[in-house]
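J.: model the structure of this input:
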Amino acid sequence: LLLATGARPRILPVPGAELGGVHYLRVIEDTLAIRERVPDGGTVLIVGGGWIGLEAAAGLRKLGAEVVVVEAAPQLCGRVLTPELGQWMLELHRSHGVDVRLETGVESFQGGGGLERAVLGDGRVIDASLAIVGIGVVPNAELAEAAGLDVDNGIVVDEFARTSDPDIFAAGDVANHFNPRLSRPVRLESWENAQNQPIAAAKAMLDKGEPYADVPWFWSDQYDVNIQLTGLPRDWDATATRGDPAA
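T.: Okay, here's the model as predicted:
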């Protein structure tokens, strides 16, 4: 058996989060619904300064919307970017007119029939009829947990995608796998992992497996910039720069 149950958006637990106009972005239907609601000249509030939030900000600016991004952490994409790259991302978005507010959260959404405004943690109010929440995902590991499998930030698997039951495998966003190249367990939320890990799992299920040890790789298109990342840096000794980052 292969479990590939994926993940679901993490819900923002604040008053008013159920109002019409508060959206999450996971499937194509979400994209179409958001695009239909983009206000002509109005403001869109984005909660979360990760890849989902920043790609949405870039797309909405191209559509002509005013965009405010609030991020609880002191830098953008703090889970995967060094401070220098986080600062570069901040300057990129501000140069395109995005109002980015770091170390800021949302206390509540307010409105009558739908979203009209958001109250931030510092008391300031943002008038907006559309909000996009991108604060991460939750692995859909409930089935595995009910079956008695090891679950810890997803379904725990070895380098062959095998769970604690040798006849059950897991792959994709839901799998917390041991990566031999990194010498530690990781749960990856990227299309590249969702494509390649199930291939490796299927081979292992046929007793033709090899350790899944792909180097984590991500990319993102924002404005006219293509950003590519290899690896998962947690600490480092030095930063080297080639060329002019502004170019």
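J.: could you tell me the end-to-end distance of stretch 216-234?
T.: The distance separating the two terminal residues of stretch 216-234, taken as Cα to Cα, to the nearest Å, comes to 13 Å.
J.: pLDDT at residue 86, what is it?
T.: Residue 86 is assigned a pLDDT of 91 by the prediction.
J.: look up how far residue 44 lies from the closest residue to it other than its chain neighbours.
T.: With sequence-adjacent residues excluded and distances taken as Cβ to Cβ, 6 or more residues apart in numbering, residue 86 is closest to residue 75, at 3.6 Å. (Glycine included, C-beta is placed from N, CA and C.) For residue 75, the distance to residue 44 equals 22 Å [Cβ to Cβ, to the nearest Å].
J.: with residue 61 instead?
T.: Taking Cβ to Cβ as the measure, residue 61 and residue 44 are separated by 9 Å.
J.: need the longest helix for the chain.
T.: Longest among the helix segments of the chain by residue count, using DSSP state H, is helix 191-205.
J.: what comes up buried for that one?
T.: Of the residues in helix 191-205, 193-194, 196-198, 200-201, 204-205 count as buried by neighbour count, 16 or more other Cβ atoms under 10 Å.
J.: next, residue 29: secondary structure please.
T.: Three-state secondary structure (criterion: DSSP: H, G, I helix; E, B strand; the rest coil) places residue 29 in helix.
J.: just the pLDDT at residue 234, thanks.
T.: What the model reports as pLDDT for residue 234 is 79.
J.: neighbour count winner among residue 61 and residue 44?
T.: When residue 61 and residue 44 are compared for neighbours, residue 44 comes out ahead with 26 against 18, by other Cβ atoms under 10 Å.
J.: report the beta-bridge partner residues of that one.
T.: Beta-bridge pairing of residue 44 under DSSP bridges involves residue 67, residue 130.
J.: wait, which of the buried residues of helix 191-205 is closest to residue 50?
T.: residue 193 (16.3 Å; Cβ to Cβ).
J.: against residue 216, how distant is that closest one?
T.: Distance, residue 193 to residue 216, by Cβ to Cβ: 7 Å.
J.: repeat for residue 206
T.: In terms of Cβ to Cβ, residue 206 sits 25 Å off from residue 216.
J.: which one's more surrounded, those two?
T.: Between residue 206 and residue 216, counted using other Cβ under 10 Å, residue 216 has the larger neighbour count: 17 against 8.
J.: centre of the chain to stretch 115-130, how far?
T.: The gap between where stretch 115-130 is centred and where its chain is centred comes out at 22 Å by Cα atoms, centre = their mean, to the nearest Å.
J.: just stretch 123-131 next, same as before
T.: 22 Å.
J.: tell me the mean pLDDT for stretch 174-188?
T.: Confidence for stretch 174-188, expressed as mean pLDDT, is 90.
J.: sorry, that was for stretch 73-81
T.: This predicted structure assigns stretch 73-81 an average pLDDT of 89.
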